[in-house]
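Participant: Structure for the following, please:
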Amino acid sequence: MNLDHFDMALLSAVQRDASTSQLDLGERVNLSSAAVNRRLKKMSAEGVIQGTVAKVNAELLGYTLTVITEVEVENERLDLLDEMKKAFLDCPQVQQCYYVAGECDFVLIMLVKNMEQYTQLTRQLFFENNNVKRFKTLVSMSNVKTGMFVPTPASETGLADPRYR
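Facilitator: So this is what the prediction gives:
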C-alpha cells in the first residue's frame, strides 16, 4: 500500500488518540470526514492499522513491576522454539516478546504485581521448561518511556504532538 502525507498524518494522530472523531481528524489533516473514514478503513484492511486499543494504567490495576528477562535456550530446534513462543504468547503478563540474535535467544518484557508473582512465572515459564538453559532478570526501577508509537514523517515534521517524536 502506498501511503501519502495524509495517511501518515492520520496514522500519527490515531496513534496518539484513536478515539479522536473523524471530523476532528479531518480538520487536523485537511480532509473531509468521509475521506478520513475511507483512508482509515483501507489502512485497516491492508494491515497498516492492526487494531485499536485503550492504554491502561498498569499500576492502577496492581501491576507495579516491569521485569525484563533474557532467556537462553538449550536447543534451537524449531518445534521447541515454537513451543516456547506459544507459552510466551499465552502468558498475559508477557507484554512483549522478541526472538533475538546475540547472547540470549528471547527478550521478554513482563508486567507483574510483585516479585512473588514473577517467581511463580519463572517456575512456570522457565524452570518447568526443559529447553531453558538459563535466564537473566532485570527489574525496571523506572519506566522512562513505554509504548508502541511508530514514527511517521508526520510525527517527524511537526504535524504531530512533539511529545511523541
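Participant: buried stuff in stretch 103-110?
Facilitator: C104, D105, F106, V107, L108, I109, M110 (16 or more other CB atoms under 10 Å). Backbone N, C-alpha and C define where each C-beta goes, glycine included.
Participant: next one: stretch 131-145
Facilitator: For stretch 131-145, by 16+ other CB under 10 Å, it's N131, V132, F135.
Participant: And the residue nearest the centre of the chain, how far from Q15?
Facilitator: Central residue of the chain (CA atoms, centre = their mean): M148, 4.8 Å from the mean position. Distance, M148 to Q15, using CB to CB, to the nearest Å: 8 Å.
Participant: Now for the most far-flung residue of the chain relative to its centre: which residues touch it?
Facilitator: Going by CA atoms, centre = their mean, the residue of the chain most distant from its centre is S32, 30.6 Å out. Shown in contact with S32 (CB atoms under 8 Å, 6 or more residues apart in numbering): G26.
Participant: Any regions of the protein where pLDDT drops low?
Facilitator: Within the chain, the segments meeting pLDDT under 70 span 154, 156-165.
Participant: before we move on, back to that, within the helices and strands, which one has the residue nearest to the centre of the chain?
Facilitator: Assigned by DSSP states H and E, M148 falls within no helix or strand.
Participant: quick one: contacts of the host helix or strand of V67?
Facilitator: Element membership of V67 [criterion: DSSP H and E] is strand 65-73. The contact list for strand 65-73, computed with CB under 8 Å, 6+ apart, reads 80-81, 84, 103-115, 118, 126, 131-140, 143, 146.
Participant: Please consider this matter closed, and thank you.
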